[in-house]
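Asker: Could you look at this predicted model? Sequence included:
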Amino acid sequence: MTTTAPSDVRPDPPGSPDDGSLTEFGYRQELHRSLGRYASFAAGFSFISVLTTVFQFFAFGYAFGGPVFFWTWPAVFAGQLAVAACFAELAARYPISGAIYQWSSRLSNPSFGWFAGWIMVIGQIVVVAAAALALQMVLPAIWPGFQLIGHDPAPTSADGAANAALLGVLLLVLTTVVNLLDNRVMSAVNRIGVTAEIIGAVLIIVLLFTHSERSPGITFHTGGGGTGLFGALMVGSFMAAYVMIGFDSAGEMSEETHHPRRTAPRTILTALGAAGLLGGLIVLGGLLAAPSLTDGRLGVDGLSYVLTSSLGDGVGRALLADVVVAIAVATLAIQTAASRMLFSMARDRRLPFSGRLAKVDPRTGMPGAPALVVGVLAAALLLLNFASPDAFLAIGTTCIVMLYLAYAMVTGPLLVRRLRGQFGVGGTDETGAPLFSLGRWGVPVNALALAYGLFMTVNLAWPRAAVYDPAGGHWYFRWFTLLFLAVTLVAGAGYRAFTARATKARAPEAAKASYA
């Protein structure tokens, strides 16, 4: 891995409590350290964004699984908690931007780590697009005037899909502008948005449970797509899998966080824990408060239908407005995380146009070019929605698979290191306290994290015609995830082969020049 030469290394600004925290890794401090513990928590929680993702995929989960799909939530949470615990250990030992790329490279080798970073950053760009599409689930329900294209707001309709793409592009313009400003502005927007989301989530939970129409026993009933209990749970798990990703963003922002070795591990776990608790209660509350489980609307309109029908238009729309804030902040946070991944890889000169992508504005402390690249590419993906409503699900599933695979490319090498006795458990954080460690639970938790991640990757990518091409005639959406992953890997391998040949070709010329 290429790192900054020792002579180029400079410490954090004088007086910073984190002076020199990057020098041991061969980097200089360029990003501004301005994030405290709550801002670090907000980075992880806003990426997960339970209001964005639960509202976006509740209808899908219910349509295929019926009420029993609720139980996929605790199952996915347990698996992701094992992954988060492994990441918390790594965040304490490698507090560097580009977390997945950096961790995988240092646990395995630079080539394997590069592919982990490449898959992760492409996946993050797809997540940005998927998050922006969530506006369609709430804005038209607040006011029909937000349906700018056609008349049918359902995201599975041609009108709804096209309108979702338009609203998503407008949101991406806004988040890109914020990502080009000072990182203190970005952090403030994140903190305010997360606070509003948490308050809104608690209010939604309280109101849903106080308007219950049935008992929790309903969650043992199957229904939906007629795929049987196992099939219902496997497909229904898509929602929970989509919600509980991105907690590693707290580690992604380590170079901008005070006391990152101490702060990031805790905020990774608390972000996932808070999202898991709030999201599970919202799903359960929605099932209990829905006016009907059999009229078909819960599998089409999802939680927006529950809020406006059970709580009344006024209260329901007010809460949906809070969901809009959550969607905007989530899109911002995911775009920020992807920007930091691009910056980290470019800083090591591992990407095309690395010099430009690695440049940090000394005034704002933000890498502007990566934010712009992420915004433009995510907007381009949204154009798929104009082709077919099925693109909505294809984009959503693809981003989960990409991230799950990248996660496994960290937990896999980490488990190998543990089994070989090569993963240290010592060290202290900035306050002198021992670094976060799983101790004797490291191997079983790590093994569970890897097995769960690989299983879910296969489950999510499986080309089910009933899921990805229910109407028929769009075979490319059925195979979209696998095709997209294949193209990502081929493009990455092609770029690495090209750069290797270019480097080899320059070597003799450099040798001749040295003797001239």
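Answerer: In hand now; what should we look at?
Asker: For this protein, give me the ranges with low pLDDT.
Answerer: 1-21, 223-228, 505-516 (pLDDT under 70).
Asker: Can you show me the strands along it?
Answerer: Counting by DSSP state E, the chain has no strands at all.
Asker: dump the residue contacts of Ala471.
Answerer: Going by Cβ atoms under 8 Å, 6 or more residues apart in numbering, Ala471 touches Asp390. Placement of C-beta: from N, CA and C, glycine included.
Asker: where's it relative to Thr398, distance?
Answerer: 19 Å (Cβ to Cβ, to the nearest Å).
Asker: what does Ala369 give?
Answerer: From Ala369 to Thr398 the distance is 25 Å (Cβ to Cβ).
Asker: who's more crowded, the two?
Answerer: In this view Ala369 and Thr398 are compared by other Cβ atoms under 10 Å, and Thr398 has more residues nearby, 27 against 21.
Asker: what about the residue nearest to Ala162 when sequence neighbours are not counted, how many residues close to it?
Answerer: Spatial nearest neighbour of Ala162, chain neighbours left out: Ile149 (4.6 Å); criterion: Cβ to Cβ, 6 or more residues apart in numbering. Residues within reach of Ile149, counting by other Cβ under 10 Å, total 17.
Asker: what residues are up against Ile149?
Answerer: Ile149 makes contacts with 159, 162-163, 166, as judged by Cβ under 8 Å, 6+ apart.
Asker: same question, Leu311
Answerer: By Cβ under 8 Å, 6+ apart, the contact list for Leu311 reads 207, 211, 319.
Asker: Please tell me how far it sits from Pro291.
Answerer: According to Cβ to Cβ, Leu311 stands 11 Å off from Pro291.
Asker: repeat for Gly65
Answerer: Applying Cβ to Cβ to Gly65 and Pro291 gives a distance of 19 Å.
Asker: cool, and Leu181?
Answerer: 44 Å.
Asker: Please say which of these two ends up with more neighbours.
Answerer: Leu181 (16 against 13).
Asker: quick one: contacts for Arg340?
Answerer: Contact analysis of Arg340 by Cβ under 8 Å, 6+ apart lists 97-98, 252-253, 255, 367, 370.
Asker: now His211
Answerer: By Cβ under 8 Å, 6+ apart, the neighbours of His211 are 289, 310-311.
Asker: Same check on Val202?
Answerer: Leu278 are the contacts of Val202 under Cβ under 8 Å, 6+ apart.
Asker: re the thing from before, which single one of the contacts of Ile149 is nearest to Ser339?
Answerer: Leu166 (23.7 Å; Cβ to Cβ).
Asker: which residues does the closest one contact?
Answerer: Per Cβ under 8 Å, 6+ apart, neighbours of Leu166: 148-149.
Asker: gap between it and Thr219?
Answerer: From Leu166 to Thr219 the distance is 37 Å (Cβ to Cβ).
Asker: in stretch 347-354, what's buried?
Answerer: 347-348, 350-351, 354 (16 or more other Cβ atoms under 10 Å).
Asker: likewise stretch 171-181?
Answerer: So for stretch 171-181, counting by 16+ other Cβ under 10 Å, buried means 171-172, 175-176, 178-181.
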